[in-house]
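Asks: The following block contains a protein sequence and its predicted model.
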Amino acid sequence: MFTKPYHFLVNSFLVVTNDSYKKALSLGMDHLAKLIANQADAFVAAIVLTFDPVMQAFLAAQQNLDAALGDYKGDTQSVEGLFEQMNTEKLPYWEGQLFFHYPKGSVQATQLLPQGRSPFQSGTYEQRILAIKTFGDKCALVPALVPLSVNVLAFHTQIASARALQQSDGEGQVAALRDLRETARLALCHELYGNMGQLVYHFRTDPLQVERFYDFALLRKKYDTTSTEASIKGTVFKAGTTTGVPNATITVTIEGKAPMVTQTNANGAFEMSLGELTETVYATMDVAAEGFMPYSNSGPVEPGEELDVEVELTPAP
């Protein structure tokens, strides 16, 4: 017998942002602004210190991807600038947090930082960026250092995406940038969910106070309350590039309905109505194109929902 998990145990932030990075950005920035507005409360101020680096990592990952795609015209952080920030701000903070729990020279501290600052400050960019991730992953295994791990891994995502953009030849690093953006989204959603747990406990005698820290309307999937007609649109790309795949066949199947079929235009874009829905349905989208491996994905669709997707097709061997 299958049972659904209790709704409090479902991370709604992961669910509603699965098909919308814009919604993830909106949820995160709104939450950060509300935390900052209430940081006179020392409990909230401590959450800001943990959450802000995660938010900045997601923002940087999105901006760097947009820059590679040519959709972002503002300034992006340089790898050199981020290494300087690491040397002057991050490393002293990381060491301070580590040595607070495990004194410098102790067995535990030595296991986590066996070579001190050297791996972060010498070697190639790739070696130094890997050292950041290795340290963050080690800290994640120590319960007392999980908050430190969140800070370290958020910075890793930020500097890794800056490096991928720096190396980009227009398309070469787009796949890596998309992966880093997804890593940043997952981390952001985990912190949004974790923060809610902390705030619920903090305001456990008056839980409605938690509403001051989130825009709960954004946690509902996008749908048109005046219509029950659902739709899907998006773009099909060649994996790892910004090149759209023309004439790809999109087939959407909903139980009880005839399969719906359309094709991408010359730029790889497509749009399709899924018809009137009276209840949440389960839909499967299959994508096929000559010279590419087939793609398939499934998920729930609500009445009035407007899905916006990106699909990457892998060239056939």
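Replies: Looks like it came in fine. Everything numeric in this text was worked out from a predicted model, so none of it was measured.
Asks: and stretch 281-295, how far apart are its ends?
Replies: Its first and final residues considered, stretch 281-295 spans 20 Å by Cα to Cα, to the nearest Å.
Asks: quick one: the strands in the stretch 151-300 of the chain?
Replies: Along the stretch 151-300 of the chain, counting by DSSP state E, counting those that start in this stretch, strands occupy 229-238, 249-254, 260-263, 269-276, 281-288, 295-301.
Asks: can I get the ones you listed in CSV with mean pLDDT and distance to residue 35?
Replies: Any C-beta I mention is one placed from the backbone N, CA and C, and that applies to glycine too. Shown next, in CSV, are those (pLDDT from 0 to 100; distance: least, Cβ to Cβ, whole Å):
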stretch, mean pLDDT, distance to residue 35
strand 229-238, 88, 33
strand 249-254, 94, 40
strand 260-263, 94, 43
strand 269-276, 90, 37
strand 281-288, 91, 36
strand 295-301, 86, 31
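Asks: Just name the most buried of the ones you listed.
Replies: strand 229-238 (a mean of 20; mean count of other Cβ atoms under 10 Å).
Asks: And that one, what does it pack against?
Replies: Applying 3 or more Cβ pairs under 8 Å, 6 or more residues apart in numbering; DSSP states H and E, one finds that strand 229-238 contacts strand 269-276, strand 306-313.
Asks: Need the ones you listed in TSV (columns: distance to residue 298).
Replies: Below are the helices and strands packed on strand 229-238 laid out as TSV (distance: least, Cβ to Cβ, whole Å):
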stretch	distance to residue 298
strand 269-276	14
strand 306-313	12
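Asks: Excluding covalently adjacent residues, which one is nearest to residue 240?
Replies: residue 175 (3.6 Å; Cβ to Cβ, 6 or more residues apart in numbering).
Asks: cool, residue 295 as well?
Replies: Distances taken as Cβ to Cβ, 6+ apart place residue 287 nearest to residue 295, at 4.2 Å, with adjacent residues excluded.
Asks: Got the domain ranges for this structure?
Replies: According to automatic domain parsing, the chain comprises the domains 7-218, 229-313.
Asks: buried set for stretch 37-55?
Replies: Buried residues in stretch 37-55, defined by neighbour count with 16 or more other Cβ atoms under 10 Å: 38, 44, 47, 50-55.
Asks: That should have said stretch 100-115, apologies.
Replies: Buried, per 16+ other Cβ under 10 Å, within stretch 100-115: 102, 109, 112-113.
Asks: CA atoms of it as CSV?
Replies: Coordinates of each C-alpha in stretch 100-115 appear next as CSV, following Å, rounded to 0.1, in the frame of the first residue of the first chain:
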residue,chain,number,x,y,z
PHE,A,100,35.2,27.5,17.5
HIS,A,101,34.1,23.9,17.5
TYR,A,102,37.5,22.2,17.0
PRO,A,103,40.5,24.2,18.3
LYS,A,104,43.3,24.8,15.8
GLY,A,105,45.8,21.9,15.9
SER,A,106,43.2,19.4,17.2
VAL,A,107,42.8,16.1,15.4
GLN,A,108,39.4,17.1,14.0
ALA,A,109,40.5,20.4,12.7
THR,A,110,43.6,18.9,11.1
GLN,A,111,41.5,16.2,9.4
LEU,A,112,39.2,18.9,7.9
LEU,A,113,42.1,21.4,7.0
PRO,A,114,45.2,19.2,6.7
GLN,A,115,47.2,21.8,4.8
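Asks: want to throw the strands of the stretch 151-300 of the chain into a markdown table with distance to residue 18?
Replies: Formatted as a markdown table, the strands of the stretch 151-300 of the chain follow (distance: least, Cβ to Cβ, whole Å):
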| stretch | distance to residue 18 |
| --- | --- |
| strand 229-238 | 13 |
| strand 249-254 | 17 |
| strand 260-263 | 21 |
| strand 269-276 | 17 |
| strand 281-288 | 14 |
| strand 295-301 | 8 |
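Asks: closest one to residue 309 among those strands?
Replies: Nearest of the strands of the stretch 151-300 of the chain to residue 309, taken as Cβ to Cβ: strand 229-238 at 3.7 Å.
Asks: Need the residues that contact that closest one.
Replies: Strand 229-238 has contacts (Cβ atoms under 8 Å, 6 or more residues apart in numbering) with 223, 243-245, 248, 250, 252, 264, 267-277, 285, 287, 289, 292, 301-313, 315.
Asks: what inclination does that strand have with respect to strand 306-313?
Replies: Here the directions of strand 229-238 and strand 306-313 differ by 20 degrees (axes from the mean of the first three to the mean of the last three Cα atoms, to 10 degrees).
Asks: Fine by me, thanks again.
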